[in-house]
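[1] structure, please.
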Amino acid sequence: MNFSDLGLEPELLRAVTDKGYDTPTPIQQQAIPAVLAGRDVLAGAQTGTGKTAGFVLPLLQKLGQRKGHAPRVLVLTPTRELAAQIAQNARDYGKYKQLRTIVIFGGVGENPQIQALRNGCDLLIATPGRLLDLANRGLADLSQVSHFVLDEADRMLDMGFIHDIKRVMKLLPPSRQNLLFSATYNDDIRQLATRLLVDPVSIDVAPRNSTAERVEQVAFRVPKEQKRHLLVHLFGHGATDEGQWYQALVFTRTKHGANKLAQQLEGAGIRAAAIHGNKSQSARVKALADFKAGKVAALVATEVASRGLDIKELPMVVNYELPNVPEDYVHRIGRTARAGATGRAVSLVAPDEASLLRDIEKTMRQPVPFRELPKFAAPLANAATPQPAPAHADRNRAPSPPRRPSFSSGRPARNGGRASGPRRGGAGGRARST
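    Here you go, the predicted model:
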């Protein structure tokens, strides 16, 4: 099947060709005709399978040409990075049409966004916080929205946006087309769908909570205090003796941890940058641009980067710390092996993370295989920075690998367990800043 078989107009087909695409992905094959037919859609697909084009292309066609002043399509998404990515895709796919696309999110000055809205908009992509702020002040008119997209809906619930979603929905016209797209397809999403969608077309192109088939997953059992030294060794030698790593997305649980690890990697001679919610938007954009350009080998990120980062041919994802929520593991490793490419995910598992790994394996319905811990040289306690193991480490009194801890009864620490993380639905919680 080709894109020309899906009923798309010539302007869109030309833009798709310019992007180098000819064969639609499974989610695109099913979603595009349904959206063009005006149906509500409930769609679940693995990250990296082309969900964005699955709704952007048909909605650009349904909009026709620019019309009126207020937006007619609203795409609500959880993070700045994902909002910016969708907006760029909309501009790329709609470059042969005269439609106006605006993106709104927090962390940057509001005046340019307000001026853009005043100039007129056809397609609006936004995060909930900034959108509600502008709407409540009468600066964002949602009364003409005829197509509403809730993207990465499961992540929206994880981040506590359920109340903001309901507030946005109250500002929309009651008669509209609703599309709900999500990387995972769970009971919370189905419950939300019953309130949002009318007689929807259900699309599920991948098993629930499954990972990308082309991701090779491995793990190492390693004491917490040795993780950074092992990571330095892996950057120099690889996880399976494949050689030096030149580009790896490294996930930590906390913002402080991301900053600290990036500094430690820099001290070991590995170019690194951190990206998380406390960074300004300009700093986040620069860190991501440097990473994509190869100026930075390690991009150390919190969960904010597990969605919305589209990095072409990213070879490696590292779980420096396992996530509290099993589904977040799926989204993290989904940053690699995108659009048919292959990739690898490496997890560093401390004894108190054993139960988190069991939850992840249960959710994925597959085990994550362990590899033998390699020999690596850790610096003395008073050394300033970690150093990679020299090639002749066996002649330099390199320590033997730490004794493997027992994982039979390990439980996460009080502050590291799943209970400390936000729960789906976010009832009573305050949404994180986007």
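
[2] specify the local secondary structure of Leu172.
    Under DSSP: H, G, I helix; E, B strand; the rest coil, Leu172 falls in the coil class.

[3] that one reaches Leu142, doesn't it?
    Yes. Between Leu172 and Leu142 there is a contact under Cβ atoms under 8 Å: 5.6 Å. Bear in mind the C-beta positions are built from the backbone N, C-alpha and C, glycine included.

[4] between those two, which contacts overlap?
    Residues touching both Leu172 and Leu142 (Cβ atoms under 8 Å, 6 or more residues apart in numbering) are Leu74.

[5] who has more neighbours, those two?
    Taking neighbours as other Cβ atoms under 10 Å, Leu172 and Leu142 compare with Leu142 leading, 20 against 16.

[6] leaving out the residues flanking it, which one is nearest to that one?
    Leaving aside its sequence neighbours, Leu142 sits nearest to Leu171 (Cβ to Cβ, 6 or more residues apart in numbering; 4.5 Å).

[7] number of nearby residues for the one you found?
    By other Cβ under 10 Å, 16 other residues sit near Leu171.

[8] and what of His229?
    Per other Cβ under 10 Å, the neighbour tally for His229 reads 22.

[9] what pLDDT does it get?
    At His229, the model reports a pLDDT of 94.

[10] and what of Asn382?
    In this prediction, Asn382 carries a pLDDT score of 41.

[11] can you check Pro24 too?
    Note for Pro24: predicted pLDDT of 91.

[12] what does it show for phi and psi?
    Backbone torsions for Pro24, taken as degrees, to the nearest 10, come to phi -70, psi 150.

[13] which residues does the nearest residue to it once chain neighbours are set aside contact?
    In space, and not counting its chain neighbours, Pro24 is closest to Phe3: 5.5 Å by Cβ to Cβ, 6+ apart. Phe3 is in contact with Leu13, Val16, Tyr21, Asp22, Thr23, Pro24, Gln28, counting by Cβ under 8 Å, 6+ apart.

[14] and the helices in this structure?
    10-18, 26-36, 51-63, 80-93, 111-119, 128-136, 153-158, 162-170, 187-196, 227-237, 255-267, 281-292, 326-333, 354-364 (DSSP state H).

[15] doesn't Ala135 make contact with the residue nearest to Leu142?
    Yes. With contact defined as Cβ under 8 Å, Leu171 reaches Ala135; the gap is 5.7 Å.

[16] what do the two both touch?
    Leu142.

[17] tally of neighbours for the nearest residue to Ser4 once chain neighbours are set aside?
    Of all residues not flanking Ser4 in the chain, Leu13 sits nearest, at 5.8 Å (Cβ to Cβ, 6+ apart). Number of residues near Leu13 (other Cβ under 10 Å) recorded here: 18.

[18] give me the pLDDT for Leu12.
    Leu12 carries a pLDDT value of 96.

[19] just Ile102 next, same as before
    97.

[20] that one bridge partners, please.
    Note on Ile102: beta-bridge partners Leu124, judged by DSSP bridges.

[21] which residues does it contact?
    If you count contacts by Cβ under 8 Å, 6+ apart, Ile102 has them with Pro71, Ala87, Gln113, Ala116, Leu117, Cys121, Leu123, Leu124, Ile125.

[22] distance check, the closest residue to Val318 other than its chain neighbours against Asn319.
    Nearest residue to Val318, sequence neighbours excluded (Cβ to Cβ, 6+ apart): Val250, at 4.4 Å. To Asn319, Val250 is 8 Å away according to Cβ to Cβ, to the nearest Å.

[23] quick one: buried ones out of the contacts of Ile102?
    Buried members of the contacts of Ile102, scored by 16 or more other Cβ atoms under 10 Å, are Pro71, Ala87, Gln113, Ala116, Leu117, Cys121, Leu123, Leu124, Ile125.

[24] for the residues you listed, which one is nearest Leu299?
    Ala87 (21.4 Å; Cβ to Cβ).

[25] show me the domain layout of this protein.
    3-204, 215-419 (automatic domain parsing).

[26] of those, which shows the lowest average pLDDT?
    Lowest mean pLDDT of the domains of the chain: domain 215-419, a mean of 78.

[27] measure Val368 to Glu313 for me?
    For Val368, the distance to Glu313 (Cβ to Cβ) stands at 23 Å.

[28] contacts for stretch 238-251?
    Contacts of stretch 238-251 with the rest of the structure, by Cβ under 8 Å, 6+ apart, involve 218, 220, 231, 234-237, 261, 291, 294, 297-303, 305-306, 309, 311, 314-321, 323, 332, 335-336, 344, 346, 371.

[29] CA atoms only: put that stretch into CSV for me.
    Provided in CSV are the C-alpha atoms of stretch 238-251 (Å, rounded to 0.1, in the frame of the first residue of the first chain):
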residue,chain,number,x,y,z
GLY,A,238,30.2,-1.1,24.8
ALA,A,239,27.9,-3.5,26.5
THR,A,240,28.7,-6.4,24.3
ASP,A,241,32.3,-5.5,23.2
GLU,A,242,30.8,-3.6,20.3
GLY,A,243,33.2,-0.7,20.8
GLN,A,244,32.9,2.9,21.9
TRP,A,245,29.5,4.6,22.2
TYR,A,246,29.1,7.8,20.4
GLN,A,247,25.5,8.6,21.1
ALA,A,248,23.4,7.4,24.0
LEU,A,249,20.3,8.7,25.7
VAL,A,250,20.7,8.1,29.5
PHE,A,251,17.7,8.2,31.8
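
[30] quick one: buried residues of it?
    The neighbour-count check on stretch 238-251 (16+ other Cβ under 10 Å) flags Gly238, Ala239, Trp245, Gln247, Ala248, Leu249, Val250, Phe251 as buried.

[31] can you list those in CSV and add distance to Pro200?
    Below are those laid out as CSV (distance: Cβ to Cβ, whole Å):
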residue, distance to Pro200
Gly238, 45
Ala239, 42
Trp245, 43
Gln247, 39
Ala248, 39
Leu249, 33
Val250, 38
Phe251, 33
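
[32] filter those down to the ones in strands?
    Per DSSP state E, strands hold the following members of the buried residues of stretch 238-251: Ala248, Leu249, Val250, Phe251.
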